[in-house]
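S.K.: starting from these lines, generate the structure:
(chains A, B and C)
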Amino acid sequence: MNDLTVRRAQQGDAAAFGELYQAHAGRIFALCLRLEGDRARAEELTQDVFVRAWERLATFRGDSAFGTWLHRLAVNVVLAERRSLWRRGRKILFTDDPAAFERPGETAAGSAGDLEGAIAGLPPGARTVFVLHDVEGYTHGEIARLSGIAEGTSKAQLFRARRLLREALDR
Amino acid sequence: MNCDEVRDRIDAALAGRLAPSELTKLEAHIAGCAECRTDFGAARALAAPVARLPRAIEPPPAVWAGIEARIRPARRRAFPAVAAALLLMAASSAATVLIMRQDPAEAAAALPAFESDYIEQAAALSRVLGEERGALAPETIETLERNLRIIDQAIAESRAALEADPGDPDLRLLLRASHEQKVALLEQAARLAREL
Amino acid sequence: MPKFRFPLALLCLAAAGPLSAQAPVRRMAVAPDVSIRILNLAGSIRVTGWDHDSIIVAGTPPERGGMLLMGGSERGVKVVVEASGATDIPGTHLDIRVPRGAHLWVKGATATIAVEGVTGEVEASTVTGAISVRGTPDVLVAESMEGDLDIAAPARVTRLKTAGGAITVRDAANEITATSVSGVIRLLHARAVSSGRLESVSGSVVFNGAVGPGGGLDLQTHDAPIDILLPPGQNATVEVTAYGGRTVNAIPGLVGAPGKGKVVRYRLGNGRARVVARSLKGDVSLRRQMPRPNPSP
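M.R.: Numbering: from 1, shown residues only, chains lettered A, B, ... in the order given. Below is the predicted model of the structure:
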């Protein structure tokens, strides 16, 4: 992905933004899917991430790779939306879809692979830390700040997640 | 080597990044500690399967359709007078004024690298706040300005402390925390303006 | 005055009986884990959990004070006081009973919010109104610009945030984050906090209570004092970094060891549980917990 595309998108070129989407949506969707364990939520969140990225494009200064900036933005969006209850309430009010009544994390990821399924089955706190640390490479310090927990908790959650996953895979 | 130290080194050990002397201590501890043996074993067992996880999973086409519908064309909007004052307020730390009025690249080069990102976020949020026409009561704006002043002073003092001792990681943390407080406060205000 | 943008066409008044905007009490049968959204900018909102699968809303807007609208389905209900636009009218006082397992989203501006006896998720926000929560919600998120937060509700996860309002939490436990800019943050009689993060710029921070075994507690201010009071028998490693302020250790028999940079490290008991306190200009003190006053009736 080249700087010119980002520059054009920053100037309001929606087609250029579309190219950025093509290049990065897969990574972002994978992140949302693994963090939430729920396909419908992951699709919604992916939309929210890119809309927020469009709104905040002006703040991207190019001192990190665009993908890195986008990824961090995505983590912030996912964790912030967890704290907002209203999204769930609104969905329930305006749809007859029974799937809307499920809380994130209760539905399995639906994608193939024992490990993906096992990750989706982790309790939310452990799953968040595992995905961010082992899959996405964030440090415990970064995870602690992003999710509002103490660094020691992040480490404890990681080890808990790894043990649970190992047990799940050995079954 | 105690359990906490071992756990902090497991990842490095599996990646072959641990110095031989440390590796020996780690192995010695693990030989005699069931808990750490379990943790080490779990990390090792997961290393390959995690590395094999696909980095990207393509979302269905409907996702882009939804995004496209929500992206509005860039529009110029008039700043109400009060909101304009707020914009200046939010951008009031010396460095931010520098960025707004001078060549951004030159101003950004003068700051610790991670700061410019926060400053830009704060500036972008205050632009968003400026555009939510008059949704905030004057008293709320006053509260916001008062608290922003407090945070800006904290940012300036933390930055000065870090400049005097650039290698101290806790000073970095304190500076970062002040910046995050500012962005969080502006986000809280933007949420209020949007939802009221 | 801001207009509430919710489209009226989507609201249907409950079918449980003849209702009009003037009736003082409205009732609706709902699921035990119903999601409820309540919006009332001025006045007060009191929500109490009870053992019935129904919602009762009592309270009427004063004359010219706007309209009370209520609707939804048994899984999701909205209760909204639509503002009239008049600024000299006193607010509406809402008294709402909800199933204990309900999930609440409550919003006011100057209105005060009081929630009690709910075990679902609770999210409350105001601009200047005080927020008080009692009971054991599963998740508690409370936010205000200037209103004080008065919490005695050990949830599984708690997130509290103000700009200038004071945050007071009794019986904190599990995971809790409290942040403010200039408001004081006090956790009193905390029991077994597993992961705590208390951060303020210029508000003083007090943690008086227990950190759970193997738990973590991060305390941070820019220029306000941090006071840590731990019970006898607390096992913890406490790391204090006070750059411009004093580090005060008032625990008899405890000696601190200097660590890297300006850190002073204290080991209590077997050291399991990690307490980290940092301030650029504030004093940090470490003491024994003060005994709990006799509980009020």
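S.K.: pLDDT wise, what is residue 171 at?
M.R.: The chain I'm using is chain A. Note on residue A:171: pLDDT of 69.
S.K.: switch to chain B, that's the one I care about
M.R.: 90.
S.K.: beta partners for residue C:56?
M.R.: Assessed by DSSP bridges, residue C:56 has beta-bridge partners residue C:27, residue C:97.
S.K.: for it, list the residues it contacts.
M.R.: C:25, C:26, C:27, C:96, C:97 (Cβ atoms under 8 Å, 6 or more residues apart in numbering or on different chains). The way it works is simple: take the backbone N, C-alpha and C, and place the C-beta from them, glycine included.
S.K.: quick check: it vs residue A:29, distance?
M.R.: The gap separating residue C:56 from residue A:29 is 44 Å, by Cβ to Cβ, to the nearest Å.
S.K.: OK, contacts around the closest residue to residue B:22 other than its chain neighbours?
M.R.: Spatially, and ignoring its direct neighbours in sequence, residue B:22 is nearest to residue B:9 (6.5 Å; Cβ to Cβ, 6 or more residues apart in numbering or on different chains). Contacts for residue B:9 (Cβ under 8 Å, 6+ apart) come out as B:1, B:18, B:22, B:26.
S.K.: dump the contacts of residue C:56 to a markdown table, plus pLDDT.
M.R.: A markdown table is the format used below for those (pLDDT from 0 to 100):
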| residue | pLDDT |
| --- | --- |
| C:25 | 73 |
| C:26 | 86 |
| C:27 | 89 |
| C:96 | 96 |
| C:97 | 96 |
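S.K.: could I get these as JSON lines with neighbour count?
M.R.: Listed next are the contacts of residue C:56 as JSON lines, based on neighbours: other Cβ atoms under 10 Å in any protein chain shown:
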{"residue": "C:25", "neighbour count": "12"}
{"residue": "C:26", "neighbour count": "22"}
{"residue": "C:27", "neighbour count": "18"}
{"residue": "C:96", "neighbour count": "24"}
{"residue": "C:97", "neighbour count": "19"}
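S.K.: just the closest of these to chain A, please.
M.R.: Nearest to chain A among those, counting by Cβ to the nearest Cβ, is residue C:96 at 15.1 Å.
S.K.: quick one: contacts for the closest one?
M.R.: Here residue C:96 is in contact with C:36, C:38, C:45, C:46, C:47, C:48, C:55, C:56, C:57, C:58, C:59, C:79 (criterion: Cβ under 8 Å, 6+ apart).
S.K.: now it: how far from chain B?
M.R.: Computed as Cβ to the nearest Cβ, to the nearest Å, the residue C:96 to chain B distance reads 20 Å.
S.K.: element containing residue A:71, please.
M.R.: If you go by DSSP states H and E, residue A:71 is part of helix A:66-82.
S.K.: other SSEs contacting that helix?
M.R.: helix A:14-36, helix A:39-56, helix A:140-147 (3 or more Cβ pairs under 8 Å, 6 or more residues apart in numbering or on different chains; DSSP states H and E).
S.K.: tell me which residue of chain A lies closest to chain B.
M.R.: Closest point on chain A to chain B, by Cβ to the nearest Cβ, is residue A:26, at 2.8 Å.
S.K.: next, the contact list for that residue, please.
M.R.: Applying Cβ under 8 Å, 6+ apart, we find residue A:26 in contact with B:55, B:56, B:57, B:58, B:59.
S.K.: now do 10 Å
M.R.: A:46, B:54, B:55, B:56, B:57, B:58, B:59 (Cβ atoms under 10 Å, 6 or more residues apart in numbering or on different chains).
S.K.: relative to residue B:29, how far out is the closest residue to it other than its chain neighbours?
M.R.: Closest residue to residue A:26 apart from its sequence neighbours, by Cβ to Cβ, 6+ apart: residue B:56 at 2.8 Å. Distance, residue B:56 to residue B:29, by Cβ to Cβ: 38 Å.
S.K.: which of these two has more neighbours?
M.R.: residue B:29 (18 against 14; other Cβ atoms under 10 Å in any protein chain shown).
S.K.: am I right that the more buried one is in a helix?
M.R.: Yes. Checked against DSSP: H, G, I helix; E, B strand; the rest coil, residue B:29 lies within a helix.
S.K.: verify the contact between it and residue B:39 for me.
M.R.: No. Residue B:29 is not in contact with residue B:39 according to Cβ atoms under 10 Å; the separation is 11.2 Å.
S.K.: now do the shared contacts for these two.
M.R.: B:3, B:6.
S.K.: residues contacting the spatially most central residue of chain A?
M.R.: Centroid check for chain A by Cα atoms, centre = their mean gives residue A:32 as the closest residue, at 3.0 Å. Neighbouring residues of residue A:32 by Cβ under 10 Å, 6+ apart: A:38-39, A:41-49, A:74-75, A:77-78, A:81, A:131, B:57, B:59.
S.K.: so how far is stretch B:113-123 off the chain centroid?
M.R.: Centroid separation between stretch B:113-123 and its chain, computed with Cα atoms, centre = their mean, to the nearest Å, is 9 Å.
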